[in-house]
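Enquirer: Turn this into a model:
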Amino acid sequence: MFRYVHTNIIAKDAKKLIDFYKTVFRCKSINETRDLRGEWLDRLTALNEAHITGEHLVLPGYEEHYPTLEIFSYDMLEISINPLINRPGIAHMAFEVDDVEETLAEIIKAGGSTVGELVSASYPNGKETVFVYARDPEGNILELQSWR
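Expert: Here you go, the predicted structure:
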């Protein structure tokens, strides 16, 4: 069996980032909070005395327990560099929304920011979409899109 289960974000402040995704994207708690430590976690992460806390949130558009956005924090964090849209690796998470401008305003109000400009694009199949890239409060890149 193969099934997509979750995407993990390591947060500087897991509670704040969890609140952001619940508020802006209406992610819902599935009551799976984590407070993990132990020899098995040290072996899994290759870290000494690893300690993870956080929560699983079901992604919007899904009603069951999966897929989730897993937002965790470690007691000891490495210094990070801000994600860039063209940096190799996972670049962004995309959300389809009813109103891109309204959702972008919610992101900014909740502590996020913009990356580029809001644009419209026409596709050969006659569909048009509105796009924008934004950042959550910790700098992770988000794509908002609305199709017409």
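Enquirer: for this structure, what's the longest helix?
Expert: For the chain, the helix with the greatest residue count under DSSP state H is helix 14-25.
Enquirer: Show me what that one is in contact with.
Expert: Residues from elsewhere that reach helix 14-25 (CB atoms under 8 Å, 6 or more residues apart in numbering): 9, 11, 27-29, 53-55, 57, 59-60, 69, 71-73, 95, 103, 106-107, 110-112, 136-138. In short, each C-beta sits where N, CA and C put it, glycine included.
Enquirer: repeat that with 6 Å
Expert: Helix 14-25 is contacted by residues 11, 27, 54-55, 57, 60, 71, 73, 95, 106-107, 110, 136-138 when judged by CB atoms under 6 Å, 6 or more residues apart in numbering.
Enquirer: From those residues, list just the buried residues.
Expert: Buried members of the contacts of helix 14-25, counted by 16 or more other CB atoms under 10 Å: 11, 27, 54-55, 57, 71, 73, 95, 106-107, 136-138.
Enquirer: and these as CSV, adding pLDDT and secondary structure?
Expert: Formatted as CSV, the buried ones among the contacts of helix 14-25 follow (pLDDT from 0 to 100; DSSP: H, G, I helix; E, B strand; the rest coil):
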residue, pLDDT, secondary structure
11, 93, coil
27, 94, coil
54, 95, strand
55, 95, strand
57, 95, strand
71, 95, strand
73, 94, strand
95, 94, strand
106, 97, helix
107, 97, helix
136, 96, coil
137, 96, coil
138, 94, coil
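Enquirer: tell me which of these is nearest to residue 121?
Expert: residue 95 (17.0 Å; CB to CB).
Enquirer: Provide the partner residues of that closest one in its beta bridges.
Expert: Going by DSSP bridges, residue 95 is paired in beta bridges with residue 144.
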